[in-house]
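Undergrad: Prediction below, plus the sequence it came from.
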Amino acid sequence: MTSTIDQPTTKAAHPKSPRISPAGNPIGFGRMPRKEDARFLRGQGRYVDDVTMPGMLHSAILRSPYAHARIRSIDTTAAAALPGVQAVITGETLATLGLAWMPTLSADVQAVLATDKVRFQHQEVAFVVADTKYIARDALELIEVDYEPLTPVIDAKRALEPGAPVIRDDIEGKNDNHIFDWESGDAVETERVFADAEVVVTQEMLYPRVHPAPMETCGTVASMDPVTGKLLVYSTNQAPHAHRTIYALVAGIPEHKIQIISPDIGGGFGNKVGIYPGYVLAVVGSIVTGKPVKWMEDRSENLMATSFARDYHMTGSIASTRDGTILGLKVDVLADHGAFNGTAQPTKFPAGFFHIFTGSYDLQAAHCTVKGVYTNKAPGGVAYACSFRITEAVYLVERMVDVLAAELKIDPAELRLKNLLRPEQFPYVSKTGWEYDSGEYPRALKLAMEIAGYDELRREQAEKRARGELMGIGISFFTEGVGAGPRKHMDILGLGMADGCELRVHPTGKAQLRLSVQTQGQGHETTFAQIVSEELGIPPEDIEVIHGDTDNTPFGLGTYGSRSTPVSGAAAAIVAQRVRQKAKIIAAASLEVGADDLEWDHGRWQVKGDPEQGRTVAEIAMLSHGTLTLPEGVEGHLDASVVYDPPNLTYPFGAYICVTDVDAGTGAVKVRRFIAVDDCGPRINPMIVEGQVHGGLADGIGMALMQLIAFDEDGNCVGGSFMDYLLPTSMECPSWELGETVTPSPHHPLGLKGVGESATVGSPPAVVNSVIDALTPYGVRHADMPLTPANVWMAMQGTPMRTDLAVT
Amino acid sequence: MQVSISVNGAMHTDEIEPRLLLVHYLRDTLGLTGTHWGCDTSQCGTCVAWLDEEPVKTCTVLAAMADGHRVRTVEGLATAGKLDPVQEGFMSEHGLQCGFCTPGMMMTARHLLDHDPDPDESTIRQAISGQICRCTGYENIVRAVRAAAGHPSQPSGRSAADPASDGDSTVVAEPSQEVPA
């Protein structure tokens, strides 16, 4: 299959292996080992908990055992008297500083330390600063809090019932648990399409609450210099510049007196986007004691109090013709945001990018409503490699397509191939207003089916069914929208989502690239060096990538939503191209020819028709810093900077196929094979892309089958440790089978689309579709994640579980 | 109380609290921060180091229990500045991303290879099954251990592109061939 977008828009197709320079060094795009590995392999990474400072104190947070309770009193006398304790801070202390509450990323407020009530289990109540972390923990035992337990709101579906306890009575005039209503699409047109449709199928489903659980928990080392008034904060965060501005706005500390450093980060996945009370408390602790204060949460604190993700109760309806032409899709969502509305997404989009729920299909009409409610659970919602809730959107549409396929008795692959957007429809404006940049969807699905041996799998499945064995084949096809985002549409707390980038080429031709994004394992030190290498011909090893330090990098909003490559990657390409253009002028002056007489050849400007006459970038760099007379208006040195405002999102996509075997006796699911075809445009370093896909596929298995966070009727969190919150290990994961197609983005300077979250977004519906397919002999149409053995077994009995409630 | 512990071949004698965990002794007392801490319940394995010849989860071992014993951490994996084959394997096969679980994974891998120099995929998966990685989906960790055992893999992935257009872009290799079971 060919189309006008079949070839990369870049000058040449990028090879899988890097080019080799005359000196024997790899140049540009291609597989190469990561630069950052050298320190990690030796145990020399520097994570927040590895940071020590002279005189540094330690800290711990006392947390609520109740989900909903009024605080009658807090007695810290005994704790403060414990030898080694330097400070005990309560909400009352913070209130005197105006810091008892802090703004959330959704323009709500969240208690730093509870003053009036606790509103979720494990909410922050008091803070102890001590000489050691052991003493700090001891002191927590000595704090006496008198609670008056209140009835909690646990079931989101009952949060708006008349008489439901009002969680947010701190908000003046608030008399219910309603947060917002939002909609997208054309309700009237959608109703018309549905009214005329031959087939309409409706399905309720929950995308349950999950937690990203990075291996490194969240933490901070805060040091307020009492002499200079400068605040230095090391913290686990994915957006250091945004954090700096928020600290300045919240605490009134001048922004130039705040330095935020994100050192090595042990995984983020969205968990480290926002500012948590512990971060603020460490800062307060340092101000109060005059010494650096470290705060590191433990695993239960991480799982029970920091940002979760999803918790979308969705009722979807899909309309089609009898022969399987999908006509319309609509969905009503009840969104459980927990006790404080702390979701992180661009301001205009309270449901994130959920309204991309029409997915990869050509529909006549679509409409969604989203209703946000408070419950007595930890705040969050957008914190797990979800591309601002595209996970929920993809799950909804891909489950609905499978439900429709079952209703119509059409093979789900055939139904998708019939309805996928065709290459000639791009750029495609969806019924909810997204402009998909490029895509060649059927090619990706056909490749996945080819790798899987789809027809053979169906034959095997039929044979097994005849023997009473349960085998499932599940497909998902996803379209992402990543790279937030255009400033005219997207901001977080008023900060536009553009990224700065600076490149300096030193006199000897070695370079430093300063990024506004931050890495949590994505390998930016390698891939961004490869981008500059691709454009300038300098070996990546000669390009140092500097990131994660607000004093030494340009402003930008950080790494989440798969935005680094689409936004900062474009910035890095453009800044390198600017240097290349400046180098051309300098080379021309040096060679005493006109700039138009030069051509670029792999790191060298040379005279057209006389390639012996030329200057390498390194030679030009020395000339630019030397005494060469430069043309009027051209400054010395070989530097450039850029602020990149993306014109649109990029739209990576992929086709996934999951093969499962289900034990009919126990309900246990084994993922036998997982085939993933991803199209993220050209790949900077295919090794790193594949690694990110692998990790996201494991996420999909975890979410679909294992990762359970439920709450009992008292609001106790089930899933508060790794004993209960089960993450996939090497034993649950198969050996992944990958494939790729390449459809460049027409608006990214290198055609790149971003891939970090693709597999996490795309894989869960493939797993669930596979399990439900396996259960066809039992007449199961749907069961909610996680499909634990108990849940699968219950579904086989005709009574699938509500997985958000731990009620027996 | 006083403990004397040999860590990576160097003897350390320190006054410690009896309740001090070995992971905190290594990290905070000795400053060997390559051994990480990730959970409280010995599920995640990011704190794995060797106690004598066995990998242990140092978050659930008291430093006092290591008194008179030998401990080996990731900092002791390379010898005379030369990386261990396990470290080389993790680099060449991209067995790490954020790097947080990596030291524990490598200590377990080294132990496995010391006892089984040519483990197959399922043996490797079993060996690391008590440790969690959130980045890699385990695939490249398995390959890294295989590479350390002398079996480097071929790049994975299949492309829909025309093979003639792009040299090595179409590598058709079933995973079962790359990492023999």
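TA: Perfect, I can see it now. Just so it is clear, the model here is predicted, and its values are computed rather than measured. Numbers count the residues shown, from 1 in each chain, chains lettered A, B, ... in the order given.
Undergrad: Quick check: the gap between the closest residue to chain B within the stretch 1-150 of chain A and B:Asp114.
TA: Using CB to the nearest CB, A:Gly43 is the residue of the stretch 1-150 of chain A that sits closest to chain B, at 1.9 Å. For the C-beta atoms, the positions are set from N, CA and C on the backbone; glycine is no exception. Plainly put, A:Gly43 is 19 Å away from B:Asp114 if you go by CB to CB, to the nearest Å.
Undergrad: Settle it for me: which of those two has more neighbours?
TA: Counted by other CB atoms under 10 Å in any protein chain shown, A:Gly43 and B:Asp114 do not tie: A:Gly43 has more neighbours, with 24 against 9.
Undergrad: what secondary structure does the more buried one sit in?
TA: A:Gly43 carries the three-state label coil when classified by DSSP: H, G, I helix; E, B strand; the rest coil.
Undergrad: quick one: B:Asp114 from B:Ala66, how far?
TA: The gap separating B:Asp114 from B:Ala66 is 20 Å, by CB to CB.
Undergrad: A:Ala664 too?
TA: A:Ala664 sits 48 Å away from B:Ala66, taking CB to CB as the criterion.
Undergrad: The two: which has the busier surroundings?
TA: Regarding A:Ala664 and B:Ala66, a neighbour count based on other CB under 10 Å identifies B:Ala66 as having more, with 23 against 17.
Undergrad: longest helix in chain B, by residue count?
TA: Criterion DSSP state H: the longest helix present in chain B is helix B:102-115.
Undergrad: What residues of the helix or strand just after it count as buried?
TA: Next helix or strand after helix B:102-115 toward the C-terminus (DSSP states H and E): helix B:121-127. Buried positions in helix B:121-127, judged by neighbour count with 16 or more other CB atoms under 10 Å in any protein chain shown: B:121, B:124-125, B:127.
Undergrad: So the residue of the stretch 1-150 of chain A closest to chain B sits against B:Thr33, correct?
TA: Yes: A:Gly43 lies in contact with B:Thr33 (CB atoms under 8 Å); the separation is 7.2 Å.
Undergrad: In terms of helices and strands, where is the residue of the stretch 501-650 of chain A found nearest chain B?
TA: With CB to the nearest CB as the measure, A:Gly521 is the residue of the stretch 501-650 of chain A nearest to chain B, at 2.9 Å. Here A:Gly521 is covered by no helix or strand, with elements defined by DSSP H and E.
Undergrad: hang on, it packs against B:Gly99?
TA: Yes: A:Gly521 is in contact with B:Gly99 according to CB under 8 Å; the separation is 6.8 Å.
Undergrad: Common neighbours of those two, please.
TA: When contacts are counted by CB atoms under 8 Å, 6 or more residues apart in numbering or on different chains, A:Gly521 and B:Gly99 have A:Gly266 as shared neighbours.
Undergrad: still on that earlier bit, neighbours around the residue of the stretch 501-650 of chain A closest to chain B, how many?
TA: Other residues near A:Gly521 number 30, with proximity taken as other CB under 10 Å.
Undergrad: got it, and A:Pro277?
TA: As a burial measure, the neighbour count of A:Pro277 was computed by other CB under 10 Å and equals 24.
Undergrad: Just the strands from chain B, written as ranges.
TA: Here chain B has its strands, by DSSP state E, at B:2-7, B:10-15, B:48-51, B:54-57, B:70-72, B:158-159.
Undergrad: Pop the domain breakdown of chain A in here.
TA: A:19-30+A:498-644, A:48-150+A:218-296, A:308-484+A:648-796 (automatic domain parsing).
Undergrad: avg pLDDT for the longest helix along chain A?
TA: Counting by DSSP H, the longest helix found in chain A is helix A:570-591. Average pLDDT, helix A:570-591: 98.
Undergrad: Just give the closest residue to the residue of the stretch 501-650 of chain A closest to chain B, not the sequence neighbours.
TA: If the residues on either side of it in the chain are set aside, A:Gly521 comes closest to B:Cys98, at 2.9 Å by CB to CB, 6 or more residues apart in numbering or on different chains.
Undergrad: How about A:Phe308?
TA: Counting by CB to CB, 6+ apart, A:Gly380 is the residue found nearest to A:Phe308 once chain neighbours are left out, at 4.2 Å.
Undergrad: okay, now residue 42: neighbour count?
TA: Here I'm looking at chain A. As a burial measure, the neighbour count of A:Arg42 was computed by other CB under 10 Å and equals 17.
Undergrad: wait, I meant chain B there
TA: Per other CB under 10 Å, the neighbour tally for B:Ser42 reads 17.
Undergrad: check contacts around it.
TA: Taking CB under 8 Å, 6+ apart as the definition of contact, the neighbours of B:Ser42 are B:57, B:59-60.
Undergrad: And for A:Gly359?
TA: Residues counted as contacts of A:Gly359 (CB under 8 Å, 6+ apart) are A:393-394, A:397-398, A:401, A:477-479.
Undergrad: Am I right that it sits in a strand?
TA: No: when classified by three-state DSSP, A:Gly359 is found to be coil rather than part of a strand.
Undergrad: Against chain B, how distant is it?
TA: In this structure, A:Gly359 and chain B are separated by 21 Å, where distance is defined by CB to the nearest CB, to the nearest Å.
Undergrad: Make CSV from the contacts of A:Gly359 and add distance to chain B and neighbour count to it.
TA: As requested, the contacts of A:Gly359 are exported to CSV (distance: CB to the nearest CB, whole Å; neighbours: other CB atoms under 10 Å in any protein chain shown):
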residue, distance to chain B, neighbour count
A:Ala393, 23, 33
A:Val394, 19, 30
A:Val397, 24, 28
A:Glu398, 20, 26
A:Val401, 23, 27
A:Phe477, 15, 31
A:Phe478, 17, 29
A:Thr479, 17, 29
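Undergrad: out of those residues, who's nearest A:Leu329?
TA: Each of the contacts of A:Gly359 was scored against A:Leu329 by CB to CB, and A:Val397 proved nearest at 6.5 Å.
Undergrad: How about the secondary structure of that closest one?
TA: Following three-state DSSP, the label given to A:Val397 is helix.
Undergrad: is it true that it touches A:Leu363?
TA: No: in this structure A:Val397 lies outside contact range of A:Leu363 using CB under 8 Å: 9.6 Å.
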